Structure formats: structure tokens, C-alpha cells
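**Q** Pasting the sequence and the predicted model now:
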Amino acid sequence: MIATSLLYKMNFLKFRTHFITTGTNKSSLSLSLSHTHTRRDRLQFTPFFFFNPHSSPTPAPLSETRTTKTMAAQPIKFGIVGCADIARKVSRAINLSPNSTLYAVASRTHEKAAKFAKENGFPDSAKIYGSYEALLDDPEVDAVYLPLPTSLHIKWAVLAAQKKKHLLLEKPVALNVGEFDVILEACESSGVQIMDATMWMHHPRTAKMKEFLLDSSKFGDLKTVHTCFTFAADKNFLETDIRVKPDLDALGALGDVGWYCTRSILWAADFELPKSVVALHGTVYNTSGVILACSASLQWGDGKTATFHCSFLSNLTMDIAIVGTNGTLRFHDFVIPFEENKASFGTAVKSGFTELVTGWDPKPSEHIVTTELPQEALMVSEFSRLVGCVKFEGAKPEKKWPMYSRKTQLVLDAVKVSIEKGYQSVEIIE
């Protein structure tokens, strides 16, 4: 057991990450809403009982897989529950990760599961199941990746946890925080790890940017965050994709691209929840009442503010600006980097003007971070490391990841309530 632990940790250090800086020329189990006669709704947040908010992160083609597994003597065996499009990307990531292996896949038909396995690099020995239940009943499956429609998460995530399967859960994690708390209770009862599939959190650029934000001399105190994630969906998407169907993913753009915006804001704020949230006028719905575009503003008690815009109707944009008293951080591809093996971000520190106000002095700097594995493979690797610690060492599941998920979901709930209440401010009480 000790040898296995050391093998996990020593090989995890083999992920070499390079940093280049260019010159300056370049709630309880239920969601409580107390309705009052004022213009403000109060969204009650009670930390789930087992969370500690202070707990302390050349491109290969899709068909390419590794020939060796170097991180662990016993790689974590993954089952894929559902053959959604995003599962293709995660299957590749499981293959690329040194401490995981594709063991099984399930769909509602055996034929579909077999086709998915053949097209996505599964080994010939992989188990093919024609039902989700059959995969979850397989005692050899250590962990499952669950990319099902959000409305199905509460059923299958709970069942997976009850079957002692560690859970990599696609976002949004639930339709609301009340549903997610049921999932969390099942995971806690079974002692299994849960993590949402927000891939950019695991890119080495993210850790490097956090270093800048935590440097009081360079960044100072956080004042405001502005983020935008949009893409121009085609006609087929807007008519048939599960993300525009009220019975499958009722949160629409808010739950999909809005999840990333909200997570980035909370990440910048060290996951301190805002005091209040208000949706901004201009929400766009489809004919089924699903959100296609929306915006919101977040406010903290100490004066920090944030805004985000998310949409299925505008050109592809993934921008963040994080502004502090001494510095500013910007990047333009926060969800999916422009390139798989490197990503950049810009910083400006104690910016000012030249003497005749004809330029900046000092100029902003660009920082480039390279990585040998794409962010989704790093996500799988970190999740598998945590699962390995539970399985081989008897460790407890890491609590920060479900805490991140829950707080993100809670803010989305507040935005949704604000929209439904005619853009009233919704207070989040922690």
C-alpha cells in the first residue's frame, strides 16, 4: 500500500509544466427561499455537513492512445455511462492519463455502446453493456464518468454512489442545489469521491494565474471580475441539442456556458460566495422556455463585484478580466485553450501612462504555460489519483471539489430565481 502511494506521487511529478514570461513589449438538503414583501429574495445557503470551505489544481489526434501506463501499478478502471458527444473527449483523456484505463461503456443499447467503444480507443477487452445498471453492477469498475442529461443526474449519480463507484460528473451537476445535495449525501454515505468535469480548473495555467492573484504586491485586493462565454450555435443545435430541451437540460445556456462563467468568478474570489446576485435584463428564451442567453451581476459585502454573460447566440468568446488594486489579469480562452499543449494569460501591474499619455507604462506582460497533457487528461489524472488514495490507502474523499461544485450550482440557482422574479436581487446567506 505504501509502495503504491509512492508510485502515485512520484509519477504524478513527471508531468512537466513550463512557464514562459515574455517581455513587456509583447444549504441543508433543501433550497430555502423565504418570500417577503420586499424587492429582495433571500437564497439560504447552509454548508452541507461534511464540507470545509477552507480546504485547499504536438496536440494528439482523437484516436491517439497511450501504449503504456506509467503512473500506477493498478490504474483506475473507468466506466462511461452514456455515449454523449463529450464522452469522446473524456474517453481520450482517460486513455492519455497515466493512472486510468477505459474498462467499460454503457448505453441504452448494446449496439450503440459497442460502436462507441470501437470508435473511441477502448481496448478489445473492454466490457460493453446495453444498460446503465449493468455497468454499475460490475464490481471491477472503480469510477464512472457520467455525461447524461442534467435531469438524469440525480437518478444515476445517486445509484452510482450507492454502488460504490467514484463519480466524475458532467456539469451542470444538477438542476438545482437541492438535487445536488441528494447526490452529495449518497457520495458521503458510500465514501466515494465526486468531482465535476470542469476541465480548465486542472490546466497548469490555472495554478500559475492563481499565484499572480495571491501576490499582494502585484495584484493586491480583488475588486471586480468580468467574464463572457458565448458561441454561435447552428440551427440544428438550437432545435435538437439536449441543452435546449426543457425535459433534459432545463437550465439551458445558464447551466452550460454560464456554469463556466460562474466557476471562474468564484475561483477568482477564492470561492467566497457573493452576498447577492441579480440577473440583468435581456434574457433570451427559446419557444420551450429554455434560456439561450442571459447575464448577471454578483456583489460581495466588501464591495467586490462581478458580471457575466453567457449565450448560445453569439460568436465564440471565452474572455475573463480580473481586476485588483495593483494589477489586472486577462485571458481569452479560459474554457478551452487556443492550443492544446500551451496557453497564455496577460498581466498588468501598477499600470500607468507615459508622460504625454500616448501609451502605457509599464506595458502588460504575456505569460505562456506549456503542458505535455491536455487539461482534460490532467483532470482525469487528478481524479484518478484521489480515487487511488481512497481505494489503496484508505484515505477520505477530497472535499474541496464537491464544495466548488455546490457553490457554483448555488449561484446558478440564484441567477435563475432572479430571472424568474423579474430581475430582483437575490441574497445568498452563508
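**A** Thanks, I have it. Numbers count the residues shown, from 1 in each chain.

**Q** CA atoms only: put stretch 422-430 into PDB for me.
**A** C-alpha atoms of stretch 422-430 as PDB (Å, rounded to 0.1, in the frame of the first residue of the first chain):
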ATOM      1  CA  GLY A 422     -38.500  39.800 -12.700                       C
ATOM      2  CA  TYR A 423     -34.700  40.500 -12.200                       C
ATOM      3  CA  GLN A 424     -35.000  41.200  -8.500                       C
ATOM      4  CA  SER A 425     -31.900  40.900  -6.300                       C
ATOM      5  CA  VAL A 426     -31.500  37.500  -4.600                       C
ATOM      6  CA  GLU A 427     -29.500  37.400  -1.400                       C
ATOM      7  CA  ILE A 428     -27.300  34.400  -0.700                       C
ATOM      8  CA  ILE A 429     -26.800  33.900   3.100                       C
ATOM      9  CA  GLU A 430     -24.000  31.600   4.100                       C
END
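
**Q** ok, now how distant is the closest residue to Thr206 other than its chain neighbours from Glu427?
**A** For Thr206, ignoring the flanking residues on the chain, the nearest one in space by Cβ to Cβ, 6 or more residues apart in numbering is Trp200 at 6.3 Å. For the C-beta atoms, the positions are set from N, CA and C on the backbone; glycine is no exception. Trp200 is 29 Å from Glu427, where distance means Cβ to Cβ, to the nearest Å.

**Q** gap between Ser365 and Leu329?
**A** On the measure of Cβ to Cβ, Ser365 and Leu329 end up 11 Å apart.

**Q** which of those two has more neighbours?
**A** Leu329 (23 against 16; other Cβ atoms under 10 Å).

**Q** mind pulling up the phi and psi values for that one?
**A** Dihedral pair for Leu329: phi -120, psi 130, per degrees, to the nearest 10.

**Q** pLDDT at Glu430, what is it?
**A** Per-residue pLDDT puts Glu430 at 70.

**Q** I should have written Arg42 there, sorry.
**A** Arg42 is given a pLDDT of 52.

**Q** what's the burial count for the closest residue to Val225 other than its chain neighbours?
**A** Leaving aside its chain neighbours, Val225 sits nearest to Ala306 (4.1 Å; criterion: Cβ to Cβ, 6+ apart). Ala306 sits with 26 neighbouring residues when counted by other Cβ under 10 Å.

**Q** Neighbouring strands of the host helix or strand of Ala306 in the sheet, and parallel or not?
**A** Ala306 is part of strand 305-311 when elements are defined by DSSP states H and E. Strand 305-311 pairs in its sheet with strand 222-232 (parallel), strand 291-299 (antiparallel), by DSSP bridges.

**Q** Longest helix in this protein, please.
**A** helix 400-420 (DSSP state H).

**Q** buried residues in it?
**A** Of the residues in helix 400-420, 400-419 count as buried by neighbour count, 16 or more other Cβ atoms under 10 Å.

**Q** what's the answer for stretch 278-290, then?
**A** 278-280, 283, 286, 290.

**Q** Serialize those to CSV and add fields for pLDDT, secondary structure and distance to Leu248.
**A** Putting those into CSV (pLDDT from 0 to 100; DSSP: H, G, I helix; E, B strand; the rest coil; distance: Cβ to Cβ, whole Å) gives the following:
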residue, pLDDT, secondary structure, distance to Leu248
Val278, 98, strand, 28
Ala279, 98, strand, 22
Leu280, 98, strand, 26
Thr283, 98, strand, 20
Asn286, 98, coil, 13
Val290, 98, coil, 9
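
**Q** In these, find the pair that's most separated.
**A** Val278 and Asn286 (23.1 Å; Cβ to Cβ).

**Q** which helices and strands sit right next to whichever strand or helix holds Val182?
**A** Assigned by DSSP H and E, Val182 belongs to helix 177-190. Contacts defined by 3 or more Cβ pairs under 8 Å, 6 or more residues apart in numbering; DSSP states H and E place helix 177-190 against helix 153-162, strand 166-169, strand 194-196, helix 400-420.
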